[in-house]
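how would this look folded up:
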Amino acid sequence: MAAAPDIVGDLIVPLRSWMDIEAKKAPLMDPKSSPYHKKSCSKESIIRKATVAYGIVELLMRSDTNNNVEALDEDVVQIDNFAVHVSKKSSRQRHQLWDDINGVSIIYPELALSIEEPAYLSCLMAPEEKQGQFGRYLEVEEMMMTSESEVPPPENSPVRTAVAAAAESDDTERTIDHNCYYLVAKVLYELFVNEIFPEDSSLAEGITTVAATAAATEEPAPKRAKSSHLLSPRAKGGKGIFDKADLPFQRPSIVRMQQLGIPASLCLMTENLLESALRGDDGQSSDDTYKSLRDVAEDLHLLLLDPDRFVFDNEVQSCENMKLRYRKEKLYGRDKEETLITDAFCRVSRGKSEAFFISGFSGCGKSMLVNTLRARVNAVGGYVIKHKFDSLSQERSLSGVISAVNQLCLMLKDRNTPPKIALLANKLRDEFGADVGLLARIVKNVKVLSPEFVSPAAAEEAGGRDTMNARSVGFTLSRFMRLISSPKHPVMLFLDDLQWADDTALDVIHTFLSDTMGSCMFFVGTYRDNEVHADHAVFDLMKKLESSHVPTNKVSLTGLDRDDLNTMISDALCLYPRICNSLSEVVMQKTKGNPFFVLEFIKSLKDRDLLKYNFHQKRW
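Here you go, the predicted model:
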C-alpha cells in the first residue's frame, strides 16, 4: 500500500508496512548467531519501535472519552489499525534515524498524535553532546487528520468491517472485558518481533475463565487467577517467590522475544500485560501487573527518557558482577529547596550579599543540595569556596574560614590571565598599602597573585605588629573579599557542619555579610539540627544577620516522601517504578526516607543476598 502524504510534510505509512521496512533495515538478532555485529543498529530500531508503542498506547487512552480500558476491543487494538508518521527525508535514507518518528495515528476511531521533544529541551544540548545518546523527553499532542491524509484499512481487515458498522450506527457498543491488556501485549509482540503472536490455548482459556468468573461472581481477582493455574509457579510445584532470582521467562511468546534480542524490560512489559489480562483489575493485583493503560504509557515514557538505564540490557556475564546503578549526581525530592537556593543566588549575583542556612539529619542531602548550585555559580563567573568543620575545629577557631579564602586565591590564579592577575595585585596593593604584609600572614596563598606580597620588607613590617586577634583577622579578610567579589564575580562561601563551628568563626562570617562597602557574597551554611541546642552560635549568627538587614533564608530537609524514594530505588535497580513499590514500602519503614540510609539499606540487602539479580530475566 502506498504511503499517504500528511499536511505537515510527513509520510503516513501503515504500521505493518513500516514494520516490514524496519525489519529489512534493522534485522533482529538470529538466536543461533552472535549479536555483537548488530548491536548498534538494534538499539536504534528498538528506540523507534518503543516510540511507536508509546504513541499507540497514548492513542488508545484517547480513543475512549471515558478512558475506559475495557471499551477497547480486538477491532481497534490491532496492528492493521495504526499508521506511523515519518519524515520524508528519513524515509529516503538507507539507515533511519533513531528519532525520526513524528507521530502515530489510528484508523478507527480516527485520531492522530504528534510525538516530539519540546523545543526548549531539544536546544539545551549541543549537537556534539547528543552523539551516542538516545534519551528524550517526549510529549504527544492531538493533530487534525484530513481526508487526503487518511490511510485506508487493508482489504478484508476487521478494521474495515468495524468502520462500516460504525457508519451504520453511532450507537455501536464494544465488548467490555479485560481482554484489552492481552490485545496490547499482542500488538507489542508483533511490533517488536514482526511475527504473528503465537496463540497459547492455555493463555486464551485462562483469560476467558477470568472474564467469565468476574462476571458471575465477586471472587477476588488474585484468587481467580490462581484458579486458572497459569500464574503461580508454586501451584505448579515450581519455586516460591523468594526463589525467583533463578527463574527465566516461561511464556513461549516472551521466550521468543528474548531469543530475538528484544530487551528484557520490553519482554517484562509484555509479560506483565498478559498477567494483567489474567488477574483482572480490582486493585488486589501484584506490583507487576498493570492497573490502567496510563501505567503502560508511563513505563514507555520512562524507557524513552533514559534507555541506557531502562531499555538496553546490562552486558554483565554473571550475577556476581552486577552492581546497583545509583544516580550519585541526582538530587531526589528537593525541587522546591533547589529552586529556593537558586533564586537566592540569583539575587546575590545582582549585587547584594545574602545568607542561606540548611538544617537536617545526617545523610538527608544538605551538601548535595548546595552542590547543585556549583555549576550555575561557575557559569556566571563566580567562585565557590568550601570548608567542612569537624570536632577539632573549635581548637582552631579561624582556620576553616582562612582555609576557604586560601582556596579563593588559587582559583583566582587558575582562572585569570597574567594581565588580569597583575591588575588584581595592584588593586590589593592600593587597598591594603602597608597592611599588605598582614594580609600575607593571614592568607598564605595570596603570594600566588604577586611575589611582592611575601617580600622580606613586607614580612618584617607585618612581624613587628602585635599578635593578631579575631577582630583584626575578620576586618582584614572582609577587606579582601570586598575587593575580590562583585556582581560579575560573586563569591559563594559554603561552610558545612556548622554545629562544630564556634562564635569566633561565625563572627567573621557576620563581618563578611554585613559589610556595606560593596561585598557580593552568598553564604551557605549547613548543620545537623539534632546536634545543636537553642543557644548554639549558629542561631546567634542568624539573629545578628537579621538585625543587620542581611537577607537570611532557612530551609529544613526531612526524609524523602514515598514517591521520591520509589524513584530512587527504581533508578538504582533499573526497574519500572510500579514494580518497586512493595520494596519501597519496606525501605521507607526502615529508613524514614533518609537518602543515605536508603542507599545503605539497599546495599545491605544485596550483600546479604536478600536482593538478587535474575541473570535470565536481566532484572533484580
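
what are the ranges of the strands in the stretch 401-550 of the chain?
According to DSSP state E, counting those that start in this stretch, the stretch 401-550 of the chain carries its strands in the segments 491-496, 521-527.

Make CSV out of these and add mean neighbour count and distance to Ile101.
Backbone N, C-alpha and C define where each C-beta goes, glycine included. Output for the strands of the stretch 401-550 of the chain, formatted as CSV (neighbours: other CB atoms under 10 Å; distance: least, CB to CB, whole Å):
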stretch, mean neighbour count, distance to Ile101
strand 491-496, 24, 43
strand 521-527, 24, 44
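
Can I get those in JSON lines including distance to Asp564?
What follows is the strands of the stretch 401-550 of the chain, written out as JSON lines (distance: least, CB to CB, whole Å):
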{"stretch": "strand 491-496", "distance to Asp564": "23"}
{"stretch": "strand 521-527", "distance to Asp564": "20"}
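
got the ones you listed as TSV, with distance to Thr504 and mean pLDDT columns?
Shown next, in TSV, are those (distance: least, CB to CB, whole Å; pLDDT from 0 to 100):
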stretch	distance to Thr504	mean pLDDT
strand 491-496	13	95
strand 521-527	15	96
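
quick one, which of those strands is nearest to Asp299?
strand 521-527 (37.0 Å; CB to CB).

Tell me what angle the closest one forms with strand 491-496.
Angle of strand 521-527 versus strand 491-496, following axes from the mean of the first three to the mean of the last three CA atoms, to 10 degrees, is 10 degrees.

Check Cys364 and give its pLDDT.
Note on Cys364: pLDDT of 92.

In a helix, it, correct?
No - with DSSP: H, G, I helix; E, B strand; the rest coil as the criterion, Cys364 is coil rather than part of a helix.

Could you number the chain from 144 rather than 1 from now on?
In the new count, where the first residue is 144, that last one comes out as Cys507.

And the contacts of the stretch of helix or strand His444 belongs to?
According to DSSP states H and E, His444 maps onto helix 436-448. Contact partners of helix 436-448, identified using CB atoms under 8 Å, 6 or more residues apart in numbering, comprise 190, 193-194, 196-197, 200-201, 203-204, 210, 212, 278-281, 323, 327, 408-409, 412, 416, 433, 453-454, 719-721.

May I see the PyMOL selection of the buried members of these?
This is the PyMOL syntax for the buried subset of those, where burial follows 16 or more other CB atoms under 10 Å:
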select buried, resi 190+193+194+196+197+200+201+203+204+212+278+279+281+323+327+408+409+412+416+433+453+454+719+720+721
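
What about the contacts of helix 436-448, which are in helices?
Counting by DSSP state H, the contacts of helix 436-448 place 190, 193-194, 196-197, 200-201, 203-204, 323, 327, 408-409, 412, 416, 453 in helices.

Sticking with Lys466, tell me its helix or strand.
Lys466 belongs to no helix or strand when assigned by DSSP H and E.

what's around it, how many residues?
By the criterion of other CB atoms under 10 Å, Lys466 has 11 neighbours.

Repeat that for the one 10 residues further on.
Look at Gly476: counted by other CB under 10 Å, it has 20 neighbours.

Three-state assignment for it, please.
Secondary structure assignment for Gly476 (three-state DSSP): coil.

which stretches of the stretch 444-593 of the chain form helices?
With helices called from DSSP state H, counting those that start in this stretch, the stretch 444-593 of the chain shows them at 450-453, 478-491, 509-514, 517-522, 542-558, 561-575, 579-585.

Figure out which of the ones you listed is closest to Asn224.
When those are compared by CB to CB, helix 450-453 sits nearest Asn224, at 26.8 Å.

Send me the closest one as PDB with only the CA atoms.
What follows is helix 450-453, C-alpha atoms only, in PDB (Å, rounded to 0.1, in the frame of the first residue of the first chain):
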ATOM      1  CA  PRO A 450      17.000   4.000  27.500                       C
ATOM      2  CA  ASP A 451      20.600   3.300  28.700                       C
ATOM      3  CA  ARG A 452      19.200   2.600  32.100                       C
ATOM      4  CA  PHE A 453      15.800   1.100  31.500                       C
END
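
Output the contacting helices and strands for it.
Judged by 3 or more CB pairs under 8 Å, 6 or more residues apart in numbering; DSSP states H and E, helix 450-453 is in contact with helix 182-206.

Before I go, just wanted to say thanks for your time.
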